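Novice: need a structure here:
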Amino acid sequence: QVQLVESGGGMAQVGGSLKLSCAASGHTISTYYMGWFRQAPGKEREFVAGISQSGTARNYLDSVKGRFTISKDNAKNTVYLQLNSLKPEDTAVYYCAANSRGFYSSKENEYDHWGQGTQVTVSS
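Specialist: Numbering: from 1, shown residues only. Take a look at the predicted model:
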């Protein structure tokens, strides 16, 4: 099974940028639909972005469209999330997840494998 490790989180100012990485091991990500989720304090975890096996299809949470970009490098077995124009409401722990069913879903219970998360804090 695949193991996922996120990195790249940290602190940023409003309007700033961060790039998150999710390095996979144990199995190629090319057979998974890959997603990024986030969980803010006191809130439920929510789907942020997802990318298909081939990388040609992407899905986003409405509030991040135009600001966040998901991408992947199958050769490096890594998924990325570029966060631009950050807002305070983007503050959360960001999780990478793999969906073995291979299709788009925003439901966390349809993802089989999860990373440990990386903290993103946006300050004004």
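
Novice: how about the nearest residue to Val93 once chain neighbours are set aside, what does it touch?
Specialist: For Val93, ignoring the flanking residues on the chain, the nearest one in space by CB to CB, 6 or more residues apart in numbering is Gly117 at 4.2 Å. All C-beta spots, glycine's among them, are computed from the backbone N, C-alpha and C. Applying CB atoms under 8 Å, 6 or more residues apart in numbering, one finds that Gly117 lies in contact with 6, 39, 93-95.

Novice: for the residues you listed, which one is nearest Val14?
Specialist: For the contacts of Gly117, the closest approach to Val14 (CB to CB) belongs to Tyr94, at 17.3 Å.

Novice: Quick check, pLDDT for that closest one.
Specialist: On pLDDT, Tyr94 comes in at 98.

Novice: tell me the strands in the chain, going along the chain?
Specialist: 3-7, 10-13, 18-25, 33-39, 46-51, 58-60, 68-73, 78-83, 92-99, 113-114, 118-123 (DSSP state E).

Novice: pLDDT (mean, whole number) over the third one?
Specialist: Per-residue confidence for strand 18-25 averages out to 98 on the pLDDT scale.

Novice: Check the fourth one too.
Specialist: Within the predicted structure, the mean pLDDT of strand 33-39 is 98.

Novice: picking up where we left off before, include distance to Thr69 and neighbour count when you put the contacts of Gly117 into TSV, please.
Specialist: Below are those laid out as TSV (distance: CB to CB, whole Å; neighbours: other CB atoms under 10 Å):
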residue	distance to Thr69	neighbour count
Glu6	16	22
Gln39	21	15
Val93	20	18
Tyr94	14	24
Tyr95	17	23
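
Novice: Now distance to Ala23 too, for those, in CSV please.
Specialist: Shown next, in CSV, are the contacts of Gly117 (distance: CB to CB, whole Å):
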residue, distance to Ala23
Glu6, 8
Gln39, 20
Val93, 17
Tyr94, 14
Tyr95, 14
